[in-house]
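Visitor: What would the 3D arrangement of this be:
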Amino acid sequence: MERQMIIRIDKDLKQRLDRLARQEGKTTSQMVRELIQDYVKNRDIASYLDGLWERIGQKLKERGVRPADVSAAIKEARKRAR
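Guide: Here you go, the predicted model:
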């Protein structure tokens with residue numbers, strides 16, 4: 001469920017944001033949502049790590065690496081580390 005958020009910004013800043021949004025074919029609300037999403041994404045380490053693991057998993061899958069192969073590699077690395 002989406003929630004409404006009310007913010008107060010300087011009149012000049014609002015006009016500049018409106019102009020930029022129009023130039024990009026977006027509403028001001030769309031621009032603000034995207035900016036907030038990017039801000040949170042760039043500062044939320046857990047989301048970053050989740051995305052990183054997803055990308056690693058996809059790369060391994062593309063190369064034909066199976067979960068059993070990963071488990072075997074981890075066991076082997078742990079043996080060597082002892």
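
Visitor: which phi and psi does Thr27 have?
Guide: Note on Thr27: its backbone torsions stand at phi -90, psi 160 [degrees, to the nearest 10].

Visitor: and the gap between it and Lys41?
Guide: From Thr27 over to Lys41 the distance is 20 Å, taken as CB to CB, to the nearest Å. (Glycine included, C-beta is placed from N, CA and C.)

Visitor: domain parsing for this protein?
Guide: Under the assignment automatic domain parsing, the domains of the chain span 11-43, 46-81.

Visitor: Now tabulate those in JSON lines and tack on mean pLDDT.
Guide: JSON lines is the format used below for the domains of the chain (pLDDT from 0 to 100):
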{"stretch": "domain 11-43", "mean pLDDT": "94"}
{"stretch": "domain 46-81", "mean pLDDT": "91"}
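
Visitor: Could you export the ones you listed as a markdown table, including distance to Arg3 and mean neighbour count?
Guide: As requested, these are exported to a markdown table (distance: least, CB to CB, whole Å; neighbours: other CB atoms under 10 Å):
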| stretch | distance to Arg3 | mean neighbour count |
| --- | --- | --- |
| domain 11-43 | 11 | 12 |
| domain 46-81 | 19 | 10 |
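
Visitor: Using JSON lines, please lay out those together with distance to Met1.
Guide: Formatted as JSON lines, the domains of the chain follow (distance: least, CB to CB, whole Å):
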{"stretch": "domain 11-43", "distance to Met1": "15"}
{"stretch": "domain 46-81", "distance to Met1": "20"}
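
Visitor: closest to Gln4 out of these?
Guide: domain 11-43 (9.8 Å; CB to CB).

Visitor: how near is Gln37 to Glu62?
Guide: 27 Å.
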